[in-house]
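> Sequence first, then the predicted structure, then my questions.
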Amino acid sequence: MRTSEVETLLASAGVRPTRQRVEIAAELRREANDVTAQDLHARLRKRGSRLGLATVYRTLGTLAGAGVIDSLAHQHGERCYRWCGAEHHHHLVCAECHRVVELEDCRIGPWLDDLSAEHGFAVTGHAVEVTGVCADCR
């Protein structure tokens, strides 16, 4: 994805496409699975970036809050981040290699509607992250 495409995507999500945000988003876009802020920072530094770790954390939080990226909780003590599609989806995450599979066919909605109605809740959204071990790591 070219820098101009990242800039356009950020702007369309209501995120001002600063140089730092574009640099971080473009690097995250190169990752096929997910990555921690510290790992992403290390990659940026290898490429010659002078961005600080705090800037990386802050930017990832901004991008996740705007729905540009997904924030995953499968790694104890630290969030992982992933560039995902804009459509509603869920994740299968390998606890060993961090391979991530996006599940676009959501069958949970009707079940949640029934279950929440039994308890007097109104579902306003859901996100599912299933952690396991992929076939390659087993």
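Thanks, I have the structure now. Numbers count the residues shown, from 1 in each chain.
> hey, let's count contacts and neighbours off CA atoms from now on
Fine.
> where does the protein dip in pLDDT?
1, 75, 85 (pLDDT under 70).
> Leaving out the residues flanking it, which one is nearest to residue 70?
residue 82 (5.2 Å; Cα to Cα, 6 or more residues apart in numbering).
> residue contacts, that neighbour?
The contact partners of residue 82, by Cα atoms under 8 Å, 6 or more residues apart in numbering, come to 28, 29, 31, 33, 34, 35, 69, 70, 71, 72.
> From the residues you listed, which land in strands?
Counting by DSSP state E, the contacts of residue 82 place 35, 70, 71, 72 in strands.
> In stretch 14-26, which residues are buried?
Buried residues in stretch 14-26, counting neighbours by 16 or more other Cα atoms under 10 Å, are found at 15, 17, 20, 21, 22, 23, 24, 25, 26.
> Neighbours of residue 108, how many?
12 (other Cα atoms under 10 Å).
> Quick one: residues contacting the most centrally placed residue in the chain.
Centrality entry for the chain: nearest residue to the mean C-alpha point is residue 70, 2.2 Å, by Cα atoms, centre = their mean. By Cα under 8 Å, 6+ apart, the contact set of residue 70 is 64, 81, 82, 83, 84.
> and what of residue 95?
74, 75, 131, 132, 133.
> Which stretches in this protein count as strands?
35-36, 70-72, 80-82, 90-94, 100-103, 129-132.
> And this protein, split by domain according to the record?
3-82, 90-132 (automatic domain parsing).
> Export those as a markdown table, with columns for distance to residue 138.
Conversion of the domains of the chain to a markdown table gives the following (distance: least, Cα to Cα, whole Å):
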| stretch | distance to residue 138 |
| --- | --- |
| domain 3-82 | 18 |
| domain 90-132 | 9 |
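> Tell me which of the ones you listed is the most buried.
domain 3-82 (a mean of 17; mean count of other Cα atoms under 10 Å).
> Just the terminal-to-terminal distance for it.
18 Å (Cα to Cα, to the nearest Å).
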